[in-house]
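Student: sequence first, predicted coordinates after that:
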Amino acid sequence: MHGKETVIKPALHSLGLNWISANFDTDQFGTFSGEVERVNSPLETARKKCQLAFDNTDATIAIASEGSFGPHPMIPFLPINEEIILFSDREQDIEISISSLSTETNFSSKYCTTFEDVELFAKGVGFPTHGLILKADGMTKVHKGIDNPDLLQSLFEVLSETSNGCTLETDMRAMFNPTRMRHIYSAAEKLSSKLLSYCPSCHKPGFGEERLEGGLPCALCGLPSDSILLKEITCVHCQHQSIITFPNGKQVEDPQFCSYCNP
Ligand SMILES: [Zn+2]
Ligand SMILES: [Zn+2]
């Protein structure tokens, strides 16, 4: 529905798949603009989208993506975007997913009472290359996908006749949000490299479920720091584990990052 195949397809070209872009109503699983609430987790929602494709086509593989936006868990005023892409192969019974986080997003909203407010907000979020949503008080009217300054002005003027002001939101649907589209592309590239790595034990694809562990010793005092000491990769199929020590090529940490030497 949102043209994400335009970036997912090129990012996964090395898999050599034959593609069908399945145009189903995936809004039934939730919308960013709030008309339909997403009830399942992002991964579960992507799984339902894949199932919808399997139910309606002969395809053996389905790929679905699901995005989420909200405040950064550590820095509440900073918005963050998570993209999940799920690859599901019903013939081989393989499901591989990746999650990618990015703070590069224009996700925001503002209640505006004057057109000057509207213009200021629009300018700050990359309008008109990035689309906007205009909502009247009480969501009595919702205009989505606004990507034209004249249209924005006339819609605001009409809404202002019956309402004190209106809520302006960034349209986070991929085809109205090139910043998000770029993130989906890089997430799909991550999925591609995960799909092309095979487990050394069971030889199935998708070897790349990573867990990072801190504790790199300080170069001066030798105490463990918070920096990465090792990377643990687990096979999602057979649970085989590979451990890579010093994955960033550093065996000791600079004392400036040591909480003992530089508290
Ligand atoms: Zn394995
Ligand atoms: Zn130290």
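Tutor: It's in. All values derive from a computational prediction rather than experimental measurement. Ligands and ions are numbered 1, 2, ... in the order given.
Student: okay, CA-based contacts and neighbour counts for the rest of this
Tutor: Will do.
Student: report all helices and strands that the least confident helix or strand in the chain by mean pLDDT contacts.
Tutor: One helix or strand of the chain scores below all others by mean pLDDT, DSSP states H and E: strand 209-214, with a mean of 89. Using 3 or more C-alpha pairs under 8 Å, 6 or more residues apart in numbering; DSSP states H and E, the elements in contact with strand 209-214 are strand 228-234.
Student: still on that earlier bit, roughly how far is the least confident helix or strand of the chain from the heart of the chain?
Tutor: 20 Å (C-alpha atoms, centre = their mean, to the nearest Å).
Student: what's next to it, contact-wise?
Tutor: By C-alpha atoms under 8 Å, 6 or more residues apart in numbering, the surrounding residues in contact with strand 209-214 are 224-236.
Student: buried subset of those as a ChimeraX selection?
Tutor: Selecting only the buried entries of the contacts of strand 209-214 in ChimeraX, with 16 or more other C-alpha atoms under 10 Å as the criterion:
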select :224,225,227,228,229,230,231,232,233,234,235,236
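Student: which one among the contacts of strand 209-214 gets closest to Gln92?
Tutor: Val236 (13.9 Å; C-alpha to C-alpha).
Student: would you mark the buried spots in stretch 200-208?
Tutor: By neighbour count with 16+ other C-alpha under 10 Å, stretch 200-208 contains the buried residues 204-208.
Student: can you tell me which of the residues you listed is nearest Asn18?
Tutor: Pro205 (18.5 Å).
Student: for the spatially most central residue of the chain, pull up the helix or strand it's in.
Tutor: The centroid of the chain falls nearest to Glu83 when counting by C-alpha atoms, centre = their mean (1.8 Å). According to DSSP states H and E, Glu83 maps onto strand 79-89.
Student: which other helices and strands does that strand contact?
Tutor: helix 42-56, strand 61-71, strand 94-102, helix 178-195.
Student: one more pass at 6 Å, please.
Tutor: For strand 79-89, the packing partners by 3 or more C-alpha pairs under 6 Å, 6 or more residues apart in numbering; DSSP states H and E come out as strand 61-71, strand 94-102.
Student: partners of the last one in the sheet?
Tutor: Sheet pairing here is set by DSSP bridges, and for strand 94-102 it gives strand 79-89 (antiparallel).
Student: now do the strand it pairs with, average pLDDT.
Tutor: What strand 79-89 shows for mean pLDDT is 95.
Student: residues from the protein in reach of ligand 1?
Tutor: By the rule C-alpha under 5 Å from the ion, the part of the chain lying against ligand 1 is 199, 202, 235, 238.
Student: export the residues you listed to TSV and tack on pLDDT?
Tutor: Formatted as TSV, the residues of the chain next to ligand 1 follow (pLDDT from 0 to 100):
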residue	pLDDT
Cys199	92
Cys202	92
Cys235	89
Cys238	89
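Student: in the stretch 1-150 of the chain, what residue lies closest to ligand 1?
Tutor: Proximity of the stretch 1-150 of the chain to ligand 1 (C-alpha to the ion) peaks at Ile94, 11.6 Å away.
Student: noted, bye for now.
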